[in-house]
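S.K.: I would like to see how this sequence folds:
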Amino acid sequence: MDPDEPDILGTPGYDFRAHQLWRWTDSPCDAAIRAALDTGLTSARLSLDDFYVLITFARRCTLAAARTADPSHVRYAYAALATLDLKRVDWRDGTWAANLVTWAAQRLGLDAPALAAAAAEHASPETGEVLVRSTTQHVDISADWGYLPWQTPGGLVLLSTEHEPYSPDADLAAVGIAMAVELENAGYLVGEVTVGSDLPAVWVDDREKLTKKLAGCAYLRGEQSGVDDGVLVFFAEARGPSRARAIVAAAGAYEHALAFAEGKIATILIAQPGHALPLIHFEPALRRALESA
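M.R.: All right, here's what the predicted structure looks like:
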């Protein structure tokens, strides 16, 4: 944001953690944006950065609505998206956000077409059309938009999915979330927690046969200050303990891998080239995460 420009939204934006939907984290930005929407916003007064802050707000409202069943979150989300100028913002980002909001509205049993139409009255024709179009059919948030709603002890969250087969006996989603918390507590930044992911053969000595017919795989990435000093973590449930051990043995061929098997679950942590912390440091955290299975 240009320091010489007025802060129309009353906030400089969300921090990294607030963007992620695999767990809820409170942010003072939410209240500031609701207050700005209550006083009225027009796209002409907003910067490109402002638009993307509002898209993040709408995504957060989606999760908040699904977690609390409070319809006001849906109304604020549609209102935020109504301010978008799709000539300045990638229309795909607006469409994606609108469909997430409509999913939340449908989940709560709200009249999504009426809510979207009310917001569209204050939008440009292009933006209004995106809002209204998002309500014309049932929104499948997983198949169409890559998110899997998942109930945790702390409430509903949205996990990423890559649509690979996913029917493990173990709760790999819980394991992935637990490991994400472990990494965050250690100072790493964790973006998506993904279930229904694949296990790329490159991490198992290119032995593609080992990565076929997994019962399921969860994946996450933790980063520190840059893209070359992070860690990748896979929790893959194989068809049996012997296949899990074979996966781990193949992963051990990679110089920067820590891998071990517990029953049918093969756990693999890959360090990026710039990562300096000894891999053995992560084993206690990985084993604690596996206790969530």
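S.K.: contacts for stretch 86-101, please.
M.R.: 43, 48, 51-52, 55, 58-59, 61-62, 74, 77-78, 81, 84, 116, 124, 126-127, 130-131, 133-134, 139, 141, 144-145, 147 (CB atoms under 8 Å, 6 or more residues apart in numbering). Placement of C-beta: from N, CA and C, glycine included.
S.K.: ah, wrong one, I meant stretch 162-172
M.R.: By CB under 8 Å, 6+ apart, stretch 162-172 touches 143, 146, 194-198, 213-218, 235, 237, 264-265, 292-293.
S.K.: about what we covered before: now list the buried members of the contacts of stretch 86-101.
M.R.: 43, 51-52, 55, 58-59, 61-62, 74, 77-78, 81, 84, 116, 124, 127, 130-131, 134, 139, 141, 145, 147 (16 or more other CB atoms under 10 Å).
S.K.: which ones among those lie within strands?
M.R.: If you go by DSSP state E, those have residue 147 in strands.
S.K.: okay, and which of the buried ones among the contacts of stretch 86-101 map to helices?
M.R.: Judged by DSSP state H, the buried ones among the contacts of stretch 86-101 include 51-52, 55, 58-59, 61-62, 74, 77-78, 81, 116, 127, 130-131 as members of helices.
S.K.: what is the nearest of the residues you listed to residue 269?
M.R.: Residue 269 has its nearest neighbour among these in residue 59, at 28.8 Å by CB to CB.
S.K.: residues contacting that closest one?
M.R.: Residue 59 touches 19, 21, 97, 100, counting by CB under 8 Å, 6+ apart.
S.K.: just the buried ones from those, in ChimeraX syntax?
M.R.: Buried members of these, defined by 16+ other CB under 10 Å, are picked up in ChimeraX with:
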select :21,97,100
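S.K.: from the contacts of residue 59, which is closest to residue 32?
M.R.: Using CB to CB, these come closest to residue 32 at residue 19, 16.1 Å.
S.K.: regarding residue 157, what is its secondary structure?
M.R.: strand (DSSP: H, G, I helix; E, B strand; the rest coil).
S.K.: what residues are up against it?
M.R.: 21-24, 63, 149-150, 177.
S.K.: could you identify the most distant pair in those residues?
M.R.: 63 and 177 (14.2 Å).
S.K.: which one of those two is surrounded by more residues?
M.R.: Between residue 63 and residue 177, counting by other CB atoms under 10 Å, residue 177 is the more crowded of the two (26 against 23).
S.K.: is that one within a helix or a strand, and which one?
M.R.: Using DSSP states H and E, the element containing residue 177 is helix 172-185.
S.K.: just to revisit the earlier point, looking at the contacts of stretch 162-172, which are in strands?
M.R.: Short answer: the contacts of stretch 162-172 in strands (DSSP E) are 194-195, 216-218, 235, 237, 265.
S.K.: okay if I get these as TSV plus distance to residue 188 and pLDDT?
M.R.: Below are these laid out as TSV (distance: CB to CB, whole Å; pLDDT from 0 to 100):
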residue	distance to residue 188	pLDDT
194	16	97
195	19	96
216	24	97
217	20	98
218	16	98
235	17	98
237	24	98
265	22	98
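S.K.: I appreciate the help and will end here.
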